[in-house]
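**Student:** here you go, sequence then predicted model.
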Amino acid sequence: MKTPLALLSALAVLALPAAAHADRAWLLPSSTSLSGAEAWIAIDAGLSDNLFVADHAAMRLETLVITAPDGSTVAPLNMTRGRYRSTFDVHLNQPGTWKIANVSGGMNVRYTLDGVEGRWRGAASDYPAALPAGAAVVQATLNAHRIETFATLGATTDTVFVPTGKGLELVPVTHPGDLVAGEAARFRLLSEGQPAAGLTVTVGRGGARYRDALEDMTAVTGADGVFVVTWPEAGMYWMNATVRTEAAGSAPAVVVQYSGVVEVLP
């Protein structure tokens with residue numbers, strides 16, 4: 001996958017601490033389908049071992065972007081950050097489909113200086129100038145993560161799904177507001193604006209702490225970037241895909257992820 005350093009130069013430091021221990025990051029809406037002239041939803045945001053259970057760390061939300069159906073961006077309201085989760089409200093004051101996304105990125109570096117190992121985390125645009133003079137890089141990784149969920153007031157619309165051409169992005173073929181248990185849904189993944197072929201997508205269902213197993217499903221994208229999911233039952237689902245590129249010469253390793261949360265109705 002083509003992922004130049006310039007892709008992340010304007011982004012903030014990666015908002016996912018300790019991802020190796022809790023690699024499921026999610027934005028969980030209180031509702032995804034609403035009616036009336038206006039409505040409110042609450043969003044929980046966290047990282048956890050059990051999907052949608054606040055048991056690990058709150059998500060940082062400095063790079064949160066809420067897109068209204070007309071393409072404008074609106075500010076989150078009543079934002080708070082606790083030990084295990086962040087929360088905020090969204091006032092849906094336009095009919096149509098809204099997108100709530102946290103798009104973060106940055107560089108993680110391990111280095112040695114005078115025989116002592118150190119770590120640096122920061123924006124890609126600051127690397128390697130921000131490293132201490134004389135530091136020898138042991139490992140450098142460029143990270144990018146898009147985390148999304150959606151909500152619709154009234155009839156569904158598609159305007160928020162126009163891709164930016166950066167990182168991994170989801171372009172629904174089946175609208176997230178039309179997901180029904182027992183029916184197949186189709187989604188397209190894009191990498192740098194092009195179909196992401198051959199990617200494995202993990203699909204997890206909430207409520208795993210009350211089951212004996214995670215019951216994750218997997219799907220693989222075709223040449224057109226499309227993958228298909230048939231929902232076994234109603235509930236909240238998490239979809240994740242990751243692209244990893246090994247370091248080569250002076251170029252860092254690259255880890256690009258997409259995570260999305262959708263609601264499946266009975």
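**Tutor:** Here it is on my side, so go on.

**Student:** CA only for contacts and neighbour counts going forward, please
**Tutor:** Will do.

**Student:** ok, residue 61 touching residue 102?
**Tutor:** Yes: using Cα atoms under 8 Å, residue 61 is in contact with residue 102, at 6.7 Å.

**Student:** residues contacting residue 175?
**Tutor:** 156, 158 (Cα atoms under 8 Å, 6 or more residues apart in numbering).

**Student:** what's the spacing between residue 71 and residue 177?
**Tutor:** Look at residue 71 and residue 177: by Cα to Cα, to the nearest Å, they are 18 Å apart.

**Student:** more neighbours, these two?
**Tutor:** residue 177 (20 against 14; other Cα atoms under 10 Å).

**Student:** ok so that one is a strand residue?
**Tutor:** No: counting by DSSP: H, G, I helix; E, B strand; the rest coil, residue 177 is not part of a strand but helix.

**Student:** that one against residue 156, yeah?
**Tutor:** Yes: using Cα under 8 Å, residue 177 is in contact with residue 156, at 6.6 Å.

**Student:** for residue 262, helix, strand, or coil?
**Tutor:** Three-state assignment for residue 262 (three-state DSSP): strand.

**Student:** can you pull the pLDDT of the residue lying closest to it once chain neighbours are set aside?
**Tutor:** Nearest in space to residue 262, with sequence neighbours left out and distances taken as Cα to Cα, 6 or more residues apart in numbering, is residue 237 at 5.4 Å. Here the pLDDT value assigned to residue 237 is 97.

**Student:** name the helices or strands packed onto the strand or helix carrying residue 237?
**Tutor:** Secondary structure assignment for residue 237, by DSSP states H and E: strand 235-245. Under the contact definition 3 or more Cα pairs under 8 Å, 6 or more residues apart in numbering; DSSP states H and E, strand 235-245 sits against strand 200-205, strand 253-264.

**Student:** nearest to residue 43, of those strands?
**Tutor:** Between residue 43 and these, the tightest spacing by Cα to Cα is seen for strand 253-264, at 11.3 Å.

**Student:** name the strands paired with that closest one and say parallel or antiparallel.
**Tutor:** Taking DSSP bridges as the criterion, strand 253-264 forms sheet pairs with strand 136-153 (parallel), strand 235-245 (antiparallel).

**Student:** most packed of the ones you listed?
**Tutor:** Among the strands paired with strand 253-264, the stretch with the highest mean neighbour count (mean count of other Cα atoms under 10 Å) is strand 136-153, at a mean of 22.

**Student:** now the helix or strand just after that strand: average pLDDT?
**Tutor:** Sequence-wise, the next helix or strand downstream of strand 136-153 (DSSP H and E) is strand 168-172. On average, the pLDDT along strand 168-172 is 97.

**Student:** what angle sits between strand 168-172 and strand 136-153?
**Tutor:** Interaxial angle, strand 168-172 versus strand 136-153 (axes from the mean of the first three to the mean of the last three Cα atoms, to 10 degrees): 20 degrees.

**Student:** packing partners for strand 168-172?
**Tutor:** By 3+ Cα pairs under 8 Å, 6+ apart, strand 168-172 packs against strand 184-191, strand 253-264.

**Student:** beta partners of residue 186?
**Tutor:** residue 228.

**Student:** need the contact list for residue 137.
**Tutor:** 109, 110, 111, 112.

**Student:** for those residues, give me a markdown table that also has distance to residue 258.
**Tutor:** Output for these, formatted as a markdown table (distance: Cα to Cα, whole Å):
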| residue | distance to residue 258 |
| --- | --- |
| 109 | 22 |
| 110 | 25 |
| 111 | 28 |
| 112 | 32 |
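
**Student:** ok so, going back, got TSV for the strands paired with strand 253-264, with distance to residue 200 too?
**Tutor:** Below are those laid out as TSV (distance: least, Cα to Cα, whole Å):
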stretch	distance to residue 200
strand 136-153	16
strand 235-245	6
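
**Student:** sweet, I'm off.
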